[in-house]
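**Student:** Show me the folded form of this:
(chains A and B)
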Amino acid sequence: EVQLLESGGSLVQPGGSLRLSCAASGFTFRNHAMSWVRQAPGKGLEWVSGISNTGGHTYYADSVRGRFTISRDNSKNTLNLLINSLRAEDTAVYYCAKGRYGGNSALDHWGQGTLVTVSA
Amino acid sequence: DIQMTQSPSTLSASVGDRVTITCRASQSVSSWLAWYQQKPGKAPDLLIYDVSNLESGVPSRFSGSGSGTEFTLTISSLQPDDFATYYCQQYNANSPHTFGQGTKVDIK
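**Tutor:** Got it, this is the predicted structure:
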């Protein structure tokens, strides 16, 4: 059974930093692209960042490019998202999601999300 | 970036109705399009990938079609479990994988 378990969400002050992690199990992690998707309270889904199966290609939404860094450790089956210069508009539930393939693909499994709240 | 526009934003329907949701892309996304269903307080579930392929375990009343810039999700006979919000997503190579704004299907 595929499992994705996010962690690291918390209340952070504007301008602060945070590291989100996603522990993956139940599939061959190194064979699949991964993404982070967020959802602000009462709003729709926003794709934030993606990474290819090898980690050789990374992609970002314009709204986070330069502030967010996605990475993965295929030896530990872990996906990470480093978030810097946090803003109020970054407040959201952050989901880790598994791609169907190693490259660009739909997201076939999702974690339950971790909440990031940016407030003074 | 590629913009995805769904219509309608809200749809009121009855059990047994045929429901169609449209998703338009600001430029061609080829066949790199998926549909998701999300219920309140839950993570999204993948319904359709690569325009028209039904994800394993998804009922056959869901179907997808289209190409290039215009796509549709059809529910052939709406069931009580289908009242939810639906999102399209493009995952064209080398661009942010944007979602549509969502379509909420509620009870008429």
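**Student:** Output the set of residues of chain B in proximity to chain A.
**Tutor:** B:1, B:32, B:34, B:36, B:38, B:43-46, B:49-50, B:55, B:85, B:87, B:89, B:91-102 (C-beta under 8 Å from any C-beta of the partner chain). In short, each C-beta sits where N, CA and C put it, glycine included.
**Student:** Give me the sheet partners of the helix or strand of chain A with the lowest mean pLDDT and which way each runs.
**Tutor:** Across the helices and strands of chain A, mean confidence by mean pLDDT, DSSP states H and E is lowest for strand A:58-60: a mean of 94. According to DSSP bridges, strand A:58-60 forms sheet pairs with strand A:45-51 (antiparallel).
**Student:** List the contacts of the strand it pairs with.
**Tutor:** A:33-40, A:57-61, A:63-64, A:68, A:70-72, A:79, A:81, A:92, A:94, A:99, A:104, B:36, B:38, B:44, B:87, B:89, B:96-99, B:102 (C-beta atoms under 8 Å, 6 or more residues apart in numbering or on different chains).
**Student:** where does chain A dip in pLDDT?
**Tutor:** For chain A, applying pLDDT under 70 flags no range at all.
**Student:** the strands in chain A, which residues?
**Tutor:** With strands called from DSSP state E, chain A shows them at A:3-7, A:11-12, A:18-25, A:34-39, A:45-51, A:58-60, A:68-73, A:78-83, A:92-99, A:107-110, A:114-118.
**Student:** sorry, that was for chain B
**Tutor:** B:4-7, B:10-13, B:19-25, B:33-38, B:45-49, B:53-54, B:62-67, B:70-75, B:85-90, B:103-107.
**Student:** now those as CSV including mean pLDDT?
**Tutor:** Shown next, in CSV, are those (pLDDT from 0 to 100):
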stretch, mean pLDDT
strand B:4-7, 98
strand B:10-13, 96
strand B:19-25, 98
strand B:33-38, 98
strand B:45-49, 98
strand B:53-54, 98
strand B:62-67, 97
strand B:70-75, 98
strand B:85-90, 98
strand B:103-107, 95
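**Student:** What subset of the contacts of strand A:45-51 is buried?
**Tutor:** A:33-39, A:59-61, A:64, A:68, A:70, A:72, A:79, A:81, A:92, A:94, A:99, A:104, B:36, B:38, B:44, B:87, B:89, B:96-99, B:102 (16 or more other C-beta atoms under 10 Å in any protein chain shown).
**Student:** what about residue 27, neighbour count?
**Tutor:** Unless you meant another one, I'm taking chain A. 16 (other C-beta atoms under 10 Å in any protein chain shown).
**Student:** Correction: the question concerned chain B.
**Tutor:** If we define neighbours as other C-beta under 10 Å, then residue B:27 has 12 of them.
**Student:** tell me which residues in stretch B:10-30 are buried?
**Tutor:** Result for stretch B:10-30 [16+ other C-beta under 10 Å]: buried residues B:11, B:13, B:19, B:21-25, B:29.
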